[in-house]
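S.K.: could you work out the structure for the sequence below:
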Amino acid sequence: MNGRRAGFTLIELLVVMVIIATLLTIAVPRYFRSLERSREAVLRQDLTTLRESIDNFYGDKGKYPETLAALVETHYLRAIPVDPIARSAEKWVLTQAEEPEDNGIKDVHSGAEGTGLDGSAYVSW
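M.R.: As a prediction, this is how the structure comes out:
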């Protein structure tokens, strides 16, 4: 040995840190975008499931359900899904039927604020 210790120099460590930082600036935004895309896909699927359950209830009973809980009680749903954007099962926006004799839930929308990746507002889905 020449009296030098084995190890990395400060420059070598800085180069490695710059490479890692560069890779993170590429990967992190993609990761968060994929999370948002998956939340939106779950929201669309939940809305489809809720709307199909409402339609099935109407087809079987001849009237719309009074609440989303009625869909669970009559086993059209196992549970009221959680809105993945608003992160609450209480945030669903319910549209009542226009018929005076049947004032049940005709449609459901997300109660989340903001817009999706396609530019449309969540409440319009």
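S.K.: could you use CA atoms for every contact and neighbour count after this?
M.R.: Fine.
S.K.: low-confidence stretches in this protein?
M.R.: Residues of the chain meeting the criterion pLDDT under 70: 1-4.
S.K.: is V72 in contact with P81, as I believe?
M.R.: No. Judged on Cα atoms under 8 Å, V72 makes no contact with P81 at a distance of 10.4 Å.
S.K.: those two - which one has more neighbours?
M.R.: Legend: neighbour count by other Cα atoms under 10 Å for V72 and P81, higher for P81 (19 against 14).
S.K.: the more buried one and A97, how far apart?
M.R.: As judged by Cα to Cα, to the nearest Å, P81 and A97 stand 21 Å apart.
S.K.: how about T22?
M.R.: Applying Cα to Cα, the value for T22 to A97 is 54 Å.
S.K.: before we move on, what about S34?
M.R.: Taking Cα to Cα, one finds S34 at 36 Å from A97.
S.K.: about what we covered before: what about T22 and A97, which has more around it?
M.R.: In this view T22 and A97 are compared by other Cα under 10 Å, and A97 has more residues nearby, 16 against 11.
S.K.: residues in contact with the more buried one?
M.R.: A97 is in contact with 64, 103-106, counting by Cα atoms under 8 Å, 6 or more residues apart in numbering.
S.K.: please, where are all the strands along the protein?
M.R.: Assigned by DSSP state E, the chain shows strands spanning 93-96, 105-109.
S.K.: how many neighbours does I80 have?
M.R.: When counting by other Cα under 10 Å, one arrives at 17 neighbours for I80.
S.K.: quick one: residues contacting it.
M.R.: Contacts for I80 (Cα under 8 Å, 6+ apart) come out as 68-69, 72, 89.
S.K.: most surrounded residue in those?
M.R.: L68 (22 neighbours).
S.K.: that residue and L77, how far apart?
M.R.: With distances taken as Cα to Cα, L68 is found 9 Å from L77.
S.K.: alright, I will stop here.
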